[in-house]
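Participant: need a structure here:
(one chain, ligands or ions: 1)
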Amino acid sequence: MKGKFGPFEGILEETTCPVCRETNEVSKVPEAKLIFRSHGGIGYYRCSQCNLMYASPRFTEESMLKIYEREEFADLSEFNNWSYEKWKESRNRSYNVQKLKIMLVERYLSQGDRILDVGCGTGLFILEANKKGFLCEGVEPSLMLSNICKNVLKVPVNHTLLENFVPPYKFNGIIIWDVLEHVYNPVRIIKKSFELSEWGGFLFLQVPNYRGISNQYKNLLCRLGIRDNEYRHFGFPWHVYSFDKRSLSFLLGKTGFKVILFESWSHWLKDGWRNPLLKKLSIYLRKWCLSDYIVCVAKKV
Ligand SMILES: [Zn+2]
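Facilitator: Predicted structure coming up:
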């Protein structure tokens with residue numbers, strides 16, 4: 001069955017919970033509750049066993065990978081005459097987010113530690129991490145994005161799928177930021193990250209959080225039919241999952257990682273707003289994981 005969502009076309013296939021299917025010892029597929037169905041026919045389900053929210057049908061793996069080679073996927077025009085100084089001076093969200101990520105990583109890792117950035121995109125984190133004294137490199141399956149890493153930011157990147165990446169060493173930290181919701185098989189990514197991590201190494205993740213206040217509100221409007229519930233809200237076809245603390249703990253626990261931190265970063269924090277009230281609110285949103293994305297740190301124990 002073919003599907004077209006804006007400029008993105010591909011082959012659609014039905015799926016059950018991809019986490020439980022890969023990790024269950026028993027063959028029984030857990031039940032899933034339909035949360036809402038978009039006008040385009042995509043169902044958004046929540047798995048009764050692990051709590052993962054997933055889209056079905058969704059694109060096949062081959063169709064999914066083609067999304068990231070299309071220029072409509074991301075506006076890369078800023079990289080036409082990009083400079084580190086200009087980016088740093090801008091203090092925009094993209095810069096602030098890399099600073100927040102570095103501060104998070106520095107709580108667990110030291111200078112000289114090896115970090116792998118999985119799905120590194122344009123390589124901004126790698127650039128900043130290496131300036132801070134880490135040995136950071138990326139893996140990026142999109143040729144379009146890895147070319148920006150190589151030719152514009154000039155950071156070390158391996159243009160391949162993580163599954164096919166065979167480095168001669170293991171890593172102290174692996175960062176999987178805004179990536180798991182895009183991949184065909186999230187269990188495969190976490191299992192491979194376990195293999196590539198040193199014992200005692202850390203995993204740093206960010207994923208969409210369907211328990212976030214604004215996401216819960218948008219989901220409610222979709223369920224009530226008030227909001228246009230096409231793919232835009234969930235991020236389909238490039239986003240195929242949304243998580244909560246339980247679904248993330250389940251996925252990481254089944255693959256051998258132990259969760260040691262959950263928090264969430266509000267847009268106000270990412271945009272560097274200094275309003276005292278919003279700063280205070282950001283502290284609670286962070287602590288109670290109520291923003292649209294969950295930040296998680298897990299350890300290989
Ligand atoms: Zn499940």
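
Participant: rest of the way, CA atoms for contacts and neighbours
Facilitator: OK.

Participant: surely Pro208 is within a helix?
Facilitator: No - assessed with DSSP: H, G, I helix; E, B strand; the rest coil, Pro208 is strand; it does not lie in a helix.

Participant: now do the SS call for Ser282.
Facilitator: On the three-state scheme (three-state DSSP), Ser282 is labelled helix.

Participant: show me the contacts for it.
Facilitator: Ser282 makes contacts with Trp265, Ser266, Trp268, Leu269, as judged by C-alpha atoms under 8 Å, 6 or more residues apart in numbering.

Participant: mind picking the two most distant members of these?
Facilitator: Pairwise distances across the contacts of Ser282 (C-alpha to C-alpha) peak at 8.2 Å, for the pair Trp265 and Trp268.

Participant: between those two, which one's more packed in?
Facilitator: Using other C-alpha atoms under 10 Å as the criterion, Trp265 and Trp268 rank with Trp265 on top: 23 against 15.

Participant: mark which of the contacts of Ser282 are part of helices, please.
Facilitator: Secondary structure defined by DSSP state H assigns Trp268, Leu269 of the contacts of Ser282 to helices.

Participant: for the contacts of Ser282, which one is nearest the ion?
Facilitator: Trp265 (25.5 Å; C-alpha to the ion).

Participant: the closest one contacts Ser291, correct?
Facilitator: Yes - here Trp265 reaches Ser291: they are 6.2 Å apart, a contact under C-alpha atoms under 8 Å.

Participant: right, and the helix or strand after the lowest-mean-pLDDT helix or strand in the chain?
Facilitator: Across the helices and strands of the chain, mean pLDDT, DSSP states H and E gives its lowest value to helix 231-234, namely a mean of 64. Per DSSP states H and E, helix 231-234 leads on to strand 241-242 as the next helix or strand towards the C-terminus.

Participant: what strands line up against that next one, and which way round?
Facilitator: With DSSP bridges as the test, strand 241-242 is paired with strand 53-56 (antiparallel).

Participant: contacts for the following helix or strand past the partner strand?
Facilitator: Next helix or strand after strand 53-56 toward the C-terminus (DSSP H and E): strand 58-59. The contact list for strand 58-59 (C-alpha under 8 Å, 6+ apart) reads Gly10, Ile11, Leu12, Glu13, Glu14, Thr15, Ile42, Pro237, Val240.

Participant: residues in contact with Phe243?
Facilitator: Listed by C-alpha under 8 Å, 6+ apart, the contact set of Phe243 reads Asn51, Leu52, Met53, Val207, Pro208, Asn209, Tyr210, Arg211, Ile294.

Participant: mind listing the residues bridging to Phe59?
Facilitator: Leu12.

Participant: the ion contacts on this structure?
Facilitator: Within the chain, the positions adjacent to the ion are Cys17, Cys20, Cys47, Cys50 by C-alpha under 5 Å from the ion.

Participant: ramachandran coordinates for the second one?
Facilitator: Same thing as Cys20. phi -70, psi -40 (degrees, to the nearest 10).

Participant: give me the neighbour count for it.
Facilitator: 24.

Participant: what sits against it?
Facilitator: Per C-alpha under 8 Å, 6+ apart, neighbours of Cys20: Val29, Pro30, Gln49, Cys50.

Participant: ok, of these, which come out buried?
Facilitator: Using 16 or more other C-alpha atoms under 10 Å as the burial test, these include Gln49, Cys50 as buried.

Participant: which SS class is whichever residue of the stretch 101-250 of the chain sits closest to the ion?
Facilitator: Per C-alpha to the ion, Ser247 is where the stretch 101-250 of the chain lies closest to the ion, at 7.6 Å. The three-state assignment at Ser247 reads helix, by three-state DSSP.

Participant: surely it and Arg46 touch.
Facilitator: No - between Ser247 and Arg46 there is no contact under C-alpha under 8 Å: 9.9 Å.

Participant: neighbour count: the two, which is higher?
Facilitator: Arg46 (23 against 19).
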